[in-house]
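Undergrad: After the sequence you'll find the predicted model.
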Amino acid sequence: AQSVAQPEDQVNVAEGNPLTVKCTYSVSGNPYLFWYVQYPNRGLQFLLKYITGDNLVKGSYGFEAEFNKSQTSFHLKKPSALVSDSALYFCAVRPLGNEKLTFGTGTRLTIIP
Amino acid sequence: EAGVVQSPRYKIIEKKQPVAFWCNPISGHNTLYWYRQNLGQGPELLIRYENEEAVDDSQLPKDRFSAERLKGVDSTLKIQPAELGDSAVYLCASSLQRLAGELFFGEGSRLTVL
């Protein structure tokens, strides 16, 4: 069975500082990995994905994520946080050849002005 | 391009009443998903359609939940009768298989069962 762990329920970062939201996964075979963001009372919005190739993936709004196969991690990063980045972030995984996308429990990111 | 459309956005009902949610996916997307998101949790898959065929409904509580996608386009999710524990946000999403799993979500239907 596939699973995703987001070890931090809440992450607080000062505006302008770098941010990291952690994600580790468990899956049989090669993974497809995703990050989604959810603003209050809105649906989930796609940020970025890792399918294959370069381990550093760049996505929307200046976010990037690094795939680390040995550590089974896919941490979300941004060099300089904005107040508007405050939202709920979800990591998700699906194995190659399987359509089922499994989400983590989410990390609430708060950027402090 | 229009996104995934869901209705209603909010619904408040008393327990034991029926409720239905509607979803219209992005045009041309053959895969449609219904997820349930409880407060403070990640979305959990209820059912996935490939065109009009339900290919994964293993997490759908079939005693009270039903879904259909008759013409392979829009879809309806029904709960009858609703229970207090069904209070959640019901999310619809769609995707093109060739996009390797990128799902596009609607804004969700928030259900409150009293």
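TA: All right, it came through fine. On a predicted model such as this, the values are computed, not experimentally measured, just so you know.
Undergrad: only C-alpha atoms for contact and neighbour calcs from this point on.
TA: OK.
Undergrad: got the residues of chain A near chain B?
TA: Contact residues (CA under 8 Å from any CA of the partner chain) of chain A with chain B: A:32, A:34, A:41-46, A:49, A:51, A:90, A:99, A:101-106.
Undergrad: Of those, select the buried ones using a PyMOL command.
TA: The PyMOL command for the buried members of those (criterion: 16 or more other CA atoms under 10 Å in any protein chain shown) is given here:
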select buried, chain A and resi 32+34+43+44+45+46+49+51+90+101+102+103+104+105+106
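Undergrad: Where does pLDDT dip in chain A?
TA: Nowhere does chain A drop to pLDDT under 70.
Undergrad: As a check, name the ranges of all strands in it.
TA: In chain A, the strands defined using DSSP state E lie at A:3-5, A:10-14, A:19-21, A:24-26, A:31-38, A:44-50, A:56-58, A:64-68, A:73-78, A:87-95, A:102-103, A:107-112.
Undergrad: Identify the residue of chain A closest to chain B, quick one.
TA: A:Gly43 (3.9 Å; CA to the nearest CA).
Undergrad: Skipping its backbone neighbours, what lies nearest that residue in space?
TA: B:Glu107 (3.9 Å; CA to CA, 6 or more residues apart in numbering or on different chains).
Undergrad: residues touching the one you found, list them.
TA: A:Asn41, A:Arg42, A:Gly43, A:Leu44, B:Val4, B:Val5, B:Gln6, B:Arg9, B:Leu91 (CA atoms under 8 Å, 6 or more residues apart in numbering or on different chains).
Undergrad: Need the residues you listed in TSV (columns: distance to B:Ile26).
TA: Shown next, in TSV, are the contacts of B:Glu107 (distance: CA to CA, whole Å):
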residue	distance to B:Ile26
A:Asn41	20
A:Arg42	17
A:Gly43	14
A:Leu44	15
B:Val4	5
B:Val5	8
B:Gln6	11
B:Arg9	18
B:Leu91	14
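Undergrad: for B:Gly28, what are its contacts?
TA: B:Leu96.
Undergrad: Next to chain A, which bits of chain B? Give me the list.
TA: For chain B, the residues found near chain A under the criterion CA under 8 Å from any CA are B:40-45, B:91, B:100-108.
Undergrad: Most neighbours among the residues you listed, please name it.
TA: B:Gly108 (30 neighbours; other CA atoms under 10 Å in any protein chain shown).
Undergrad: right, and that one touches A:Arg42 too?
TA: Yes - applying CA atoms under 8 Å, one finds B:Gly108 in contact with A:Arg42, separated by 7.1 Å.
Undergrad: Pick out the residue nearest the middle of chain B.
TA: Residue closest to the average C-alpha location in chain B (CA atoms, centre = their mean): B:Trp34, at 3.0 Å.
Undergrad: Make sure I have this right: that one is in a helix.
TA: No - membership of B:Trp34 in a helix is not supported by DSSP: H, G, I helix; E, B strand; the rest coil, which gives strand.
Undergrad: Who does it form a beta bridge with?
TA: Note on B:Trp34: beta-bridge partners by DSSP bridges are B:Ile47, B:Cys92.
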